[in-house]
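# below are the sequence and a predicted model for it; my questions follow.
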Amino acid sequence: MIYEEHLRAAESAAWSIDSIRWSAIDRGAARDEPEILASLRDAAMIEGYLPTFGPRLMLLLWDDVDATAILSLELYEGLKHYTALRRYLDIVGDDASRLSERSLVAAREKTGGITYQRDEIITYLTHFMCSELFAAHFFRRLAEQTREPVLAELLGYMSRDELRHSAGAGALLKKRVAANAAVANEIISAAENFRHYGSDVVDIPLAEENDFEAIMAMNRKIRQLCGLAPTEHLEEEFSNG
Ligand SMILES: [Fe+2]
Ligand SMILES: [Fe+2]
C-alpha cells in the first residue's frame, strides 16, 4: 500500500504541540507584524475548514484505501496546525486577529452548498496537491519574514508537513496515471485551472498571490507526474497556433 510509506514519514517527522515554546513567544515582536498575524488567521481558517472539506473529498474516494488514509493524515495534521495557529493568535493577537469558534463555523457554513462530482476526482486531487504545495511555500516564506523566533520555528515544522501532504496527493495521482495514461491530461488541465481549496473560506487566498517559487515547484511536480508541465503545455498550444 502506498499510504504506509506516508504514515511512516508522518510518524517519524511528528512534532508535538507541547514541544512548542509557547512561554518564550516575544509578544511585542509578534504584535509589530500585524500583516503576518492576519495571514496566520487566514491560514488557521483554512486548516479549520479541513474537517468539512476533507470528508467531502474522502466520500468520493471511498474505494481508494490509499486516498482515504492519506486524507486521514491530512485531517490529523491539519488539526495540529489549526490548534497551534489558534493558540499562537490567542497568546499574541488582538481581538481582530484571534479566531473564534463562531467565525470558523460561519466560514464553514458558507461552504455548505458545495458539492463534488465523482468524475472530477482528478481535478480535486490535483488542486489538493497544488494547494498543499502552495501552503508549504507560504509557511516557509512567513517563517523567513517573521522576527518572532517561536513562530519561525512553528512555521518551519508546518511547512515541512505541507510538503509531505503534497507528496501524498502526488502519490495518489501517480497511481492513477500508472493505471490510465490519459489521466495525465486531466492533471495538466486541472493544474492550469488551479484553485486553492482555501479560497472556499478565505476571501483572498494569500498562498496564491504571485508566488513564483511555488508556481515553479508546481510545474516541477506536474512534470514528474505527467512528463509535461502546465506552462510548457500552454507554450505548446500557443506555438501550434
Ligand atoms: Fe496544514
Ligand atoms: Fe496540509
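Looks like it came in fine. Ligands and ions are numbered 1, 2, ... in the order given.
# so the residue in the chain positioned nearest to ligand 2 is in which element?
Using C-beta to the ion, the closest approach of the chain to ligand 2 is made by residue 165 at 3.7 Å. Yep, even glycine has a C-beta here, placed from its N, CA and C like the rest. With secondary structure defined by DSSP states H and E, residue 165 is part of helix 149-179.
# what do you get for residue 71?
With elements delineated by DSSP H and E, residue 71 resides in helix 65-92, which encompasses its position.
# for the residue of the chain closest to ligand 2, what are its contacts?
Counting by C-beta atoms under 8 Å, 6 or more residues apart in numbering, residue 165 touches 70, 73, 74, 77, 132, 135.
# got a winner among the residues you listed for most neighbours?
The member of the contacts of residue 165 that has the most neighbours, counting by other C-beta atoms under 10 Å, is residue 70 with 27 neighbours.
# that one and residue 164, how far apart?
As judged by C-beta to C-beta, to the nearest Å, residue 70 and residue 164 stand 10 Å apart.
# the residue of the chain found nearest ligand 1 and residue 23: what is the separation?
Nearest to ligand 1, among the residues of the chain, is residue 81, at 3.8 Å (C-beta to the ion). Distance of residue 81 to residue 23, computed by C-beta to C-beta: 20 Å.
# and if you look at residue 31?
When C-beta to C-beta is applied, the distance between residue 31 and residue 23 equals 17 Å.
# so which of the two has more stuff around it?
Using other C-beta under 10 Å, the more surrounded residue of residue 31 and residue 23 is residue 31, with 14 against 7.
# the more buried one contacts residue 96, correct?
No: with contacts counted by C-beta atoms under 8 Å, residue 31 stays clear of residue 96, the gap being 11.5 Å.
# show me the contacts for the residue most central in space within the chain.
Computing the C-alpha centroid of the chain and ranking residues by C-alpha atoms, centre = their mean puts residue 132 first, at 2.9 Å. With contact set as C-beta under 8 Å, 6+ apart, residue 132 has these partners: 74, 162, 163, 165, 166, 169.
# can you give me the neighbour number for the fifth one?
Around residue 166 there are 23 other residues, counting by other C-beta under 10 Å.
# residues contacting the nearest residue to residue 172 once chain neighbours are set aside?
The shortest distance from residue 172 to any non-neighbouring residue, by C-beta to C-beta, 6 or more residues apart in numbering, is to residue 67 (5.2 Å). Listed by C-beta under 8 Å, 6+ apart, the contact set of residue 67 reads 58, 61, 125, 172.
# wait, doesn't the last one sit right on residue 66?
Yes: the pair residue 172 and residue 66 qualifies as a contact (C-beta under 8 Å) at a distance of 6.0 Å.
# these two: which is more packed in?
Under the criterion of other C-beta under 10 Å, the comparison of residue 172 against residue 66 puts residue 172 first, with 23 against 18.
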